[in-house]
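*Asks:* Only the shape, not the letters, is given here:
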């Protein structure tokens, strides 16, 4: 081999090694870019999912955008387990109905109890505690009250309307859980679920959880919508529980607050507002316990295949 040939061979080999190094470097850079893109995409997706779980209105106390016009929670799939069986209510086989809650629950009971009594097929009992709620068991322990009701009265059906005073932090285990935090939502969900579970375990065949209505003070409505979603979610998890949405009953056709059925505080109902509420709840109860044409029956007809004997 001539010296000149050796020089050209060495130069070509060095160039080839340099090109290989450059190609490897480009591949490493491309791989790094792909990794960064994948990580960024995953982070963005996680942020979106977290954002969907967060109720921005709840943390700010303000209404906003399209959500403000929608009082009804979104529907979630119901469990496939059948609810506890019921019987046809009658004079000889009446249904014990317990109605309870805060002051608004008391207003519901005031109008609903006479309707139930007039049917001759129900025996209603009403209990309410003003200024109470699920957040402040240090003020009034609703879980303790529900346990006592289930143990002593053992109602066949329960109607609950509560939440007016739950626009505040939860007191639990000697600590405050700030309103709107994820921990607050979990604590509130657990308390709602515990109340329903206690009633069902105590023998109630149906639990009717009545949602909160639209309020006169706009800042309250984002919070009312939040707890309504929790009520609905917990009811739909449990066969035998039913969420009753009343938001639209007290809203104008364009979704605004209708003051004609509410008192000056923008919260409590007029007599007409109480009657409107009671009629809606009574329809839900009749749908389960009084099939069409059975209201005038003096005794329970033969049980259908989907019905069971009453515990009386």
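*Replies:* Yep, it's here. Treat the numbers as computed from the prediction; the structure is a model and nothing was measured. Residues are numbered from 1 along each chain as shown.
*Asks:* alpha carbons only for contacts and neighbour counts from here, please
*Replies:* OK.
*Asks:* Could you list the low-pLDDT ranges of this structure?
*Replies:* Where the chain drops to pLDDT under 70, the residues are 1-15, 17-18, 32-79, 294-312.
*Asks:* how about the strands in it?
*Replies:* Using DSSP state E, the strands of the chain run over 95-101, 122-128, 157-161, 170-172, 175-177, 206-210, 241-244.
*Asks:* how about the fifth one: buried residues?
*Replies:* Of the residues in strand 175-177, those buried by neighbour count under the rule 16 or more other C-alpha atoms under 10 Å are residue 177.
*Asks:* circling back to that earlier point, let me have the strands of the chain in a markdown table, extended by distance to residue 281.
*Replies:* Below are the strands of the chain laid out as a markdown table (distance: least, C-alpha to C-alpha, whole Å):
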| stretch | distance to residue 281 |
| --- | --- |
| strand 95-101 | 11 |
| strand 122-128 | 13 |
| strand 157-161 | 8 |
| strand 170-172 | 28 |
| strand 175-177 | 33 |
| strand 206-210 | 8 |
| strand 241-244 | 7 |
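*Asks:* Residue 140 is in contact with residue 128, isn't it?
*Replies:* No: using C-alpha atoms under 8 Å as the test, residue 140 is too far from residue 128 to be in contact (10.9 Å).
*Asks:* Which one's more surrounded, the two?
*Replies:* Legend: neighbour count by other C-alpha atoms under 10 Å for residue 140 and residue 128, higher for residue 128 (20 against 16).
*Asks:* Check the gap between that one and residue 121 for me.
*Replies:* In this view, residue 128 and residue 121 are 23 Å apart by C-alpha to C-alpha, to the nearest Å.
*Asks:* to the chain's geometric centre, what's the distance from stretch 169-189?
*Replies:* 16 Å (C-alpha atoms, centre = their mean, to the nearest Å).
*Asks:* Can you give me the first-to-last residue distance of that stretch?
*Replies:* This stretch, stretch 169-189, spans 13 Å end to end (C-alpha to C-alpha).
*Asks:* same question, stretch 154-167
*Replies:* 30 Å.
*Asks:* Which residues does it contact?
*Replies:* For stretch 154-167, the surrounding residues in contact (C-alpha atoms under 8 Å, 6 or more residues apart in numbering) are 95-102, 104-105, 108, 131-135, 149, 179, 199, 202-212, 220, 223-224, 227.
*Asks:* switch to 6 Å and redo it
*Replies:* Contact partners of stretch 154-167, identified using C-alpha atoms under 6 Å, 6 or more residues apart in numbering, comprise 95-102, 105, 133, 135, 204-210.
*Asks:* on that earlier part again, out of the strands of the chain, flag the one nearest residue 85.
*Replies:* When the strands of the chain are compared by C-alpha to C-alpha, strand 206-210 sits nearest residue 85, at 9.1 Å.
*Asks:* count of residues packed around residue 293?
*Replies:* 7.
*Asks:* Same question for residue 24.
*Replies:* Other residues near residue 24 number 12, with proximity taken as other C-alpha under 10 Å.
*Asks:* can you tell me how far it sits from residue 30?
*Replies:* For residue 24, the distance to residue 30 - C-alpha to C-alpha - is 10 Å.
*Asks:* just residue 151 next, same as before
*Replies:* According to C-alpha to C-alpha, residue 151 stands 68 Å off from residue 30.
*Asks:* same check, this time on residue 274
*Replies:* Taking C-alpha to C-alpha, one finds residue 274 at 68 Å from residue 30.
*Asks:* neighbour-wise, which of these two wins?
*Replies:* Using other C-alpha under 10 Å, the more surrounded residue of residue 274 and residue 30 is residue 274, with 21 against 12.
*Asks:* For the spatially most central residue of the chain, which non-adjacent residue is spatially closest?
*Replies:* For the chain, the residue nearest the mean C-alpha position is residue 230 (2.1 Å; C-alpha atoms, centre = their mean). Distances taken as C-alpha to C-alpha, 6 or more residues apart in numbering put residue 189 closest to residue 230, at 6.1 Å, once the chain neighbours are dropped.
*Asks:* Count residues in the vicinity of the one you found, would you?
*Replies:* Using other C-alpha under 10 Å, the number of residues around residue 189 comes to 18.
*Asks:* With residue 250 instead?
*Replies:* With other C-alpha under 10 Å as criterion, residue 250 counts 22.
*Asks:* just use 47 as the starting number from now, easier for me
*Replies:* Renumbered: residue one is now 47, and that last one reads residue 296.
*Asks:* what residues are up against it?
*Replies:* Neighbour list for residue 296: residue 304 [criterion: C-alpha under 6 Å, 6+ apart].
*Asks:* State the distance from it to residue 262.
*Replies:* 10 Å.
*Asks:* which residues of the stretch 197-346 of the chain fall in helices?
*Replies:* Ranges of helices in the stretch 197-346 of the chain, per DSSP state H, counting those that start in this stretch, are 228-247, 264-282, 317-335.
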